[in-house]
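>>> Just to be clear, the model below is a prediction. Sequence and coordinates:
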Amino acid sequence: MRGLGKGSSAITVVNAFATGKGGAIGIDLWTEAKVKITDGEVKGKILVNGLEFNDFRVVNAVLDVMRRYSGIEFGIEFEINSEIPVGKGLKSSSAVANALVEAIARALRLNIPGIKVVKLGVEAAKKAGVTLTGAFDDACASYFGGLCLTDNLRVELLKRIEIDELPVVILVPNETVLTEELKGVDFLKIAPYVEEAFKLAIKGEWKKALVLNGLIYSTFLSYPPEPISKALHLGAVVGLSGKGPSVFAITDEPERIEEVWREFGDVIITSTR
């Protein structure tokens with residue numbers, strides 16, 4: 001029995017670290033998982049932009065969660081191909097979890113509603129230790145697309161808004177920041193300001209929200225201000241994705257942003273979905 005699943009990257013509108021409530025928008029960068037059910041053996045590989053990635057925590061956690069959910073003891077042969085950079089704040093773990101849960105569900109012929117697929121993926125991400133809040137907002141945006149605003153503490157999707165296909169430029173610095181490295185940081189100190197960003201987002205003013213969120217978190221986490229400053233000067237809607245270090249800009253002139261960001265790292269041009 002074989003199955004295929006997909007999950008996309010996403011960009012942050014409001015980071016949930018400070019308040020437990022967050023929001024993200026799906027973008028057109030993808031992770032695809034192929035699985036074959038076996039009697040018990042687990043083997044496979046993860047490729048990120050063609051290079052092998054040897055951290056299997058999410059795979060093992062998804063397998064544990066799906067065994068318990070289905071009541072079936074099984075193994076898998078798997079291959080995961082991703083075009084989402086890891087450790088850059090672009091929801092790579094959420095995309096892997098969603099893709100793998102969906103692939104296993106299809107291989108086992110389980111009819112699981114979309115929101116349950118996302119919740120099983122979040123459960124696996126928590127079990128794997130790759131998230132601080134459960135990242136339910138990221139996982140929803142990765143699975144459903146559009147803007148998803150969630151209460152991560154209650155694992156509740158508060159609002160989903162369709163977003164037109166808009167050009168998105170992503171700056172991917174060389175630095176890698178894993179979420180687990182931020183354990184112990186007291187994000188409550190910025191909670192009052194992040195709450196205001198979330199209020200804007202829930203009212204539909206998500207562009208203002210993501211700029212405010214990006215300025216708050218990038219300053220708090222001491223990221224260099226130049227990329228955001230340069231993009232703001234060009235009139236783009238600019239934010240920090242997740243815990244960073246990736247910065248993104250929504251703009252009608254992606255080539256101009258690409259030009260000024262080249263000196264800071266790799267640049268990807270994609271779109272919202």
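Sure thing, it's come through.

>>> tell me what the strand ranked longest in the chain is packed against?
In the chain, with assignment by DSSP state E, the single longest strand is strand 21-38. Strand 21-38 sits against strand 2-14, strand 75-82, helix 92-107, helix 136-144, strand 147-151, helix 191-202, helix 206-220, strand 266-271, with contacts defined as 3 or more Cβ pairs under 8 Å, 6 or more residues apart in numbering; DSSP states H and E. No exception for glycine: its C-beta is placed from N, CA and C like everyone else's.

>>> quick check: angle from that strand to helix 191-202?
Between strand 21-38 and helix 191-202, the angle comes out at 80 degrees (axes from the mean of the first three to the mean of the last three Cα atoms, to 10 degrees).

>>> buried sites along strand 21-38?
21-27, 29-35, 37 (16 or more other Cβ atoms under 10 Å).

>>> Between strand 147-151 and it, find me the angle.
100 degrees.

>>> and the angle for strand 21-38 with helix 206-220?
Using the same axes, to 10 degrees: strand 21-38 against helix 206-220 is 90 degrees.

>>> now, which of the buried residues of strand 21-38 sits nearest residue 101?
residue 33 (8.7 Å; Cβ to Cβ).

>>> how about that closest one, what does it touch?
4, 5, 6, 78, 79, 80, 96, 99, 100, 102, 103 (Cβ atoms under 8 Å, 6 or more residues apart in numbering).

>>> Tell me how many other residues surround residue 165.
A count of nearby residues for residue 165, using other Cβ atoms under 10 Å, gives 9.

>>> Phi, psi for it please.
Backbone torsions for residue 165, taken as degrees, to the nearest 10, come to phi -70, psi 110.

>>> who's the residue lying closest to it once chain neighbours are set aside bridged to?
Leaving aside its chain neighbours, residue 165 sits nearest to residue 271 (5.1 Å; criterion: Cβ to Cβ, 6 or more residues apart in numbering). When assigned by DSSP bridges, residue 271 has beta-bridge partners residue 167.

>>> Enumerate every residue touching residue 271.
Per Cβ under 8 Å, 6+ apart, neighbours of residue 271: 27, 28, 165, 166, 167, 168.

>>> residues in contact with the fourth one?
Shown here is residue 166, whose contacts under the criterion Cβ under 8 Å, 6+ apart are 250, 271, 272.

>>> just the fifth one next, same as before
Shown here is residue 167, whose contacts under the criterion Cβ under 8 Å, 6+ apart are 250, 251, 252, 254, 269, 270, 271.

>>> From residue 231, how far off is it?
The gap separating residue 167 from residue 231 is 13 Å, by Cβ to Cβ, to the nearest Å.

>>> shared neighbours of these two, which are they?
The contact lists of residue 167 and residue 231 share residue 251, where a contact means Cβ under 8 Å, 6+ apart.

>>> hey, which of the helices and strands packed on strand 21-38 is tucked in deepest?
helix 136-144 (a mean of 31; mean count of other Cβ atoms under 10 Å).

>>> packing partners for that helix?
Using 3+ Cβ pairs under 8 Å, 6+ apart, helix 136-144 sits against strand 2-14, strand 21-38, helix 92-107, helix 114-128, strand 147-151, strand 156-161.

>>> closest one to residue 61 among the ones you listed?
Once the helices and strands packed on helix 136-144 are compared by Cβ to Cβ, helix 114-128 is nearest, at 3.9 Å.

>>> relative to strand 2-14, how tilted is that closest one?
80 degrees.

>>> pull the CA atoms of helix 114-128 into CSV?
These are the backbone C-alpha positions of helix 114-128, laid out as CSV (Å, rounded to 0.1, in the frame of the first residue of the first chain):
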residue,chain,number,x,y,z
GLY,A,114,-8.1,17.9,6.8
ILE,A,115,-8.2,19.6,10.2
LYS,A,116,-7.5,16.2,11.9
VAL,A,117,-4.5,15.6,9.6
VAL,A,118,-3.1,19.0,10.7
LYS,A,119,-3.7,18.2,14.4
LEU,A,120,-2.0,14.8,14.1
GLY,A,121,1.0,16.6,12.5
VAL,A,122,1.1,19.2,15.3
GLU,A,123,1.0,16.4,17.8
ALA,A,124,4.0,14.8,16.1
ALA,A,125,5.9,18.1,15.9
LYS,A,126,5.5,18.5,19.7
LYS,A,127,6.6,15.0,20.2
ALA,A,128,9.7,15.6,18.1
